[in-house]
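Asker: Give me coordinates for this.
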Amino acid sequence: MVTSTIDEAKSQLARLIGLAEKGEKIVIARAGKPVARLVPYRQAEGPREGGQWRGQVHIAPDFDELPPNIGEAFGLYPLPNCKMTNSRS
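Answerer: The predicted model follows:
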């Protein structure tokens, strides 16, 4: 494993990238503490497939509806003549 300071990483970035491409573990540290890892880019094998959570998650029918006092939750006062509507309908 190679540990490098941020300044060293700036000046030696091409060399560190080459090491990462070969599988070397690169850690970049600030004040002696690890803050980042340099890893090689790996192209995805194929398109992502969804559905892993199918049957395990339930979204309530009123999920997109906002309560009339939603502004109060954000510290706003109710606006006169303002009607809440669902823009997705």
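
Asker: any idea how far residue 75 lies from residue 58?
Answerer: Noted for residue 75: a distance of 31 Å to residue 58, by C-beta to C-beta, to the nearest Å. For glycine as for every other residue, the C-beta is placed from the backbone atoms N, C-alpha and C.

Asker: What residues of the top helix by length along the chain count as buried?
Answerer: Counting by DSSP state H, the longest helix found in the chain is helix 13-21. Taking 16 or more other C-beta atoms under 10 Å as the basis for neighbour counts, the residues of helix 13-21 that come out buried are 16, 19, 20.

Asker: contacting residues for the last one?
Answerer: Read it as residue 20. Residues touching residue 20, when contacts are defined by C-beta atoms under 8 Å, 6 or more residues apart in numbering, comprise 26, 38, 39, 40.

Asker: quick one: contacts for the third one?
Answerer: Contacts were defined as C-beta under 8 Å, 6+ apart; by that measure residue 39 touches 20, 26.

Asker: Check the secondary structure at the closest residue to residue 21 other than its chain neighbours for me.
Answerer: Closest residue in space to residue 21, ignoring its immediate chain neighbours: residue 40 at 5.1 Å, by C-beta to C-beta, 6 or more residues apart in numbering. The three-state assignment at residue 40 reads coil, by DSSP: H, G, I helix; E, B strand; the rest coil.

Asker: Need the pLDDT of residue 40.
Answerer: Per-residue confidence at residue 40 stands at 93 (pLDDT).

Asker: and it, what does it touch?
Answerer: The contact partners of residue 40, by C-beta under 8 Å, 6+ apart, come to 20, 21, 23.

Asker: Please determine how far the most centrally placed residue in the chain is located from residue 56.
Answerer: The structure's the chain has its C-alpha centroid closest to residue 36; by C-alpha atoms, centre = their mean the separation is 15.4 Å. From residue 36 across to residue 56, the span is 34 Å (C-beta to C-beta).

Asker: same deal with residue 20?
Answerer: Applying C-beta to C-beta, the value for residue 20 to residue 56 is 36 Å.

Asker: do residue 74 as well
Answerer: The gap separating residue 74 from residue 56 is 31 Å, by C-beta to C-beta.
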